[in-house]
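Visitor: sequence unavailable; structure follows:
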């Protein structure tokens, strides 16, 4: 039964079958019974198709035409009881997890052994999935087009320890409210699980709104900030009471970080900041901005400052990003904003090194999200192909569709294996060694993840056909994927810049180390 419903009645399918005409129309769906008599004339697909199936179990037909969000939204209004025998159940294999759509989850969920994941990872996975399925997926249609995420949801994430799991610096227990805990052996695989499970919602704007602050803004403070600065900022952000944003990009300098022009001049115990920032995710509702500013005369002489949104001379305005109002992407302007020197992260003019370090973590985060969104496309395609018929047989029986599924699966699983290998290096290498050994690899991995996502979004569009163009139907996740792809190809380093850096590093290392 639905949450809050009275004790449900129970009906046999033969009882449902008696209500099979206009003026008395019942249907069964996924083990529940609905009286849709008053809805027949409002059915978006016309009343005939609904009347043709009154008195029947319409589970397969409903899933062919509608996304499950429809039943979440309207089901409680028409629900009258449960179907005796309930929904059909498939056997659950020991040690498996999730819905078991092949490739719909990583291989270690479904059938593979893994050297990376322990019992604590499995327990953490269950916690994050339960939270996502309870707090995010059922409610997000009510707020995904708002200008900011629901404050109470973000606070719940803080209380659950999810925000604290995103900083790339272990689990920062000392800054959290009493009673908030994480895994005792917390590592980067726990962090990977958080991004991966939250991204099952399939909406990049929602993901950005809920994760960008701690994962790419706060991470710089955690790695290089003073204890005074951490005490001021970290606790409120990780408990969901305040928001933080990373402010690097400018209108004329995105991937070319050394070319930033937003300037800070020191006057005694303060910096005076002048300039602008553009494309700043979470910028419309952030309380703090981790801001890269130019402080030296030469190119790349940058410094990180934490700037309070309430500072005199600071202003912001919204940038329209397709289907992503909730990400709060903003244009920022600093008109002689005074910032205490105590708000500096690291040493003056050493910000470029800090940014490069922060990019490793940001690109790791982006890779995880892009691969799960790719997997969402693949999962939706497999489910749809098992239901949809064309030219007299299921799409799953059409060779051209099978080849698309196989190609998507190859790319997703290969990239996932690369991601897990790099995650293991993050767990086992000291920070200094990781900076030296992983920067170019993470660049290539991030570029590959966005290319995989682009490929999966395109192929999924071909599988769903016209349904991939409709934002409210069974293909809604595919429709949004097509618009979301660019948000992973460009932020955190555009694909061509990432590929070029990776190739240059390969030549440099080969010249130094290889026997040619």
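Guide: The structure has been received and is ready for your questions. On a predicted model such as this, the values are computed, not experimentally measured, just so you know. Numbering: from 1, shown residues only.

Visitor: please tell me I have it right and residue 131 contacts residue 159.
Guide: No. Contact criterion C-beta atoms under 8 Å: residue 131 and residue 159 do not qualify, at 10.1 Å. Where you see a C-beta, it was placed from the backbone N, CA and C, and this is true even at glycine.

Visitor: name the residue in those two with the higher neighbour count.
Guide: A count of neighbours by other C-beta atoms under 10 Å puts residue 131 above the other of residue 131 and residue 159, at 19 against 15.

Visitor: against residue 165, how distant is the more buried one?
Guide: Using C-beta to C-beta, to the nearest Å, residue 131 is found at 11 Å from residue 165.

Visitor: surely residue 87 and residue 57 touch.
Guide: No. With contacts counted by C-beta under 8 Å, residue 87 stays clear of residue 57, the gap being 9.5 Å.

Visitor: ok, residue 31 - contacts?
Guide: 82-83, 85-87 (C-beta atoms under 8 Å, 6 or more residues apart in numbering).

Visitor: in those residues, which residue is surrounded by the most others?
Guide: Most surrounded of these: other C-beta under 10 Å gives residue 83, at 20 neighbours.

Visitor: who's it bridged to?
Guide: Listed beta-bridge partners, residue 83: residue 11 (assigned using DSSP bridges).

Visitor: my guess is it contacts residue 33, does it?
Guide: Yes. At 5.6 Å, residue 83 counts as touching residue 33 under the criterion of C-beta under 8 Å.

Visitor: would you indicate which residues of the helix or strand residue 335 falls within are buried?
Guide: Taking DSSP states H and E as the criterion, residue 335 maps to strand 330-340. For strand 330-340, burial by neighbour count (16 or more other C-beta atoms under 10 Å) applies to 330-334, 337, 339.

Visitor: tabulate those (CSV), appending pLDDT and distance to residue 469.
Guide: Converted to CSV, the buried residues of strand 330-340 look like this (pLDDT from 0 to 100; distance: C-beta to C-beta, whole Å):
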residue, pLDDT, distance to residue 469
330, 96, 30
331, 97, 31
332, 98, 35
333, 98, 38
334, 98, 42
337, 98, 45
339, 98, 47
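
Visitor: and of those residues, the nearest to residue 399?
Guide: Within the buried residues of strand 330-340, the smallest distance to residue 399 is 48.0 Å, found for residue 330 (C-beta to C-beta).

Visitor: contacting residues around that closest one?
Guide: 245, 280, 283-284, 316-319.

Visitor: repeat that with 10 Å
Guide: When contacts are counted by C-beta atoms under 10 Å, 6 or more residues apart in numbering, residue 330 touches 245, 247, 277-286, 289, 315-319, 321.

Visitor: likewise residue 414?
Guide: Residues near residue 414 by C-beta under 10 Å, 6+ apart: 448, 452.

Visitor: may I see the buried residues of the host helix or strand of it?
Guide: Assessed by DSSP H and E, residue 414 sits inside helix 399-428. Neighbour-count burial for helix 399-428, counted by 16+ other C-beta under 10 Å, picks out 401, 404-405, 408-409, 411-413, 415-416, 418-420, 422-423, 426.

Visitor: and which of these is nearest residue 224?
Guide: Using C-beta to C-beta, the buried residues of helix 399-428 come closest to residue 224 at residue 426, 17.1 Å.

Visitor: confirm for me that that closest one is in contact with residue 190.
Guide: No. Contact criterion C-beta atoms under 10 Å: residue 426 and residue 190 do not qualify, at 11.7 Å.

Visitor: what stretches of the chain score poorly on pLDDT?
Guide: Scanning the chain for pLDDT under 70 picks out 1-8, 323.

Visitor: shared neighbours, residue 83 and residue 33?
Guide: Shared contacts of residue 83 and residue 33, counting by C-beta under 10 Å, 6+ apart, come down to 10-13, 15-16, 57.

Visitor: make TSV from these and add neighbour count and distance to residue 108 to it.
Guide: Listed next are the shared contacts of residue 83 and residue 33 as TSV, based on neighbours: other C-beta atoms under 10 Å; distance: C-beta to C-beta, whole Å:
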residue	neighbour count	distance to residue 108
10	12	39
11	20	40
12	12	41
13	14	38
15	17	44
16	23	41
57	20	35
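
Visitor: dump the residues you listed into CSV; add distance to residue 224 as well.
Guide: Listed next are those as CSV, based on distance: C-beta to C-beta, whole Å:
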residue, distance to residue 224
10, 61
11, 63
12, 66
13, 64
15, 67
16, 63
57, 59
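
Visitor: filter the contacts of residue 330 down to the ones in strands?
Guide: Per DSSP state E, strands hold the following members of these: 245, 247, 277-280, 289, 315-318.

Visitor: the nearest residue to residue 158 once chain neighbours are set aside and residue 284: what is the separation?
Guide: In space, and not counting its chain neighbours, residue 158 is closest to residue 240: 3.4 Å by C-beta to C-beta, 6 or more residues apart in numbering. Applying C-beta to C-beta, the value for residue 240 to residue 284 is 17 Å.

Visitor: which neighbours do residue 131 and residue 165 share?
Guide: With C-beta under 10 Å, 6+ apart, residue 131 and residue 165 have common neighbours 157, 194.

Visitor: residue 364: which of the shared contacts of residue 83 and residue 33 is nearest?
Guide: Closest to residue 364, out of all of these and judged by C-beta to C-beta, is residue 57, at 45.1 Å.

Visitor: beta partners of that closest one?
Guide: residue 28.

Visitor: likewise for residue 339?
Guide: residue 271.

Visitor: can you pull the contacts of residue 408?
Guide: 103, 374-375, 377-379, 381-382, 452, 455-460, 463.

Visitor: following the chain past the strand holding residue 335, name the next helix or strand.
Guide: strand 344-345.

Visitor: mind giving me the packing neighbours of that following strand?
Guide: Counting contacts by 3 or more C-beta pairs under 10 Å, 6 or more residues apart in numbering; DSSP states H and E, strand 344-345 is packed against helix 218-224, strand 288-294, strand 302-308, helix 351-385.

Visitor: repeat that with 7 Å
Guide: helix 218-224, strand 302-308 (3 or more C-beta pairs under 7 Å, 6 or more residues apart in numbering; DSSP states H and E).

Visitor: re earlier: pretty sure the residue nearest to residue 158 sits against residue 155.
Guide: Yes. The pair formed by residue 240 and residue 155 meets the contact definition of C-beta atoms under 7 Å, at 3.9 Å.

Visitor: so these two - more neighbours on which side?
Guide: Between residue 240 and residue 155, residue 240 has the larger neighbour count (other C-beta under 10 Å), namely 23 against 14.
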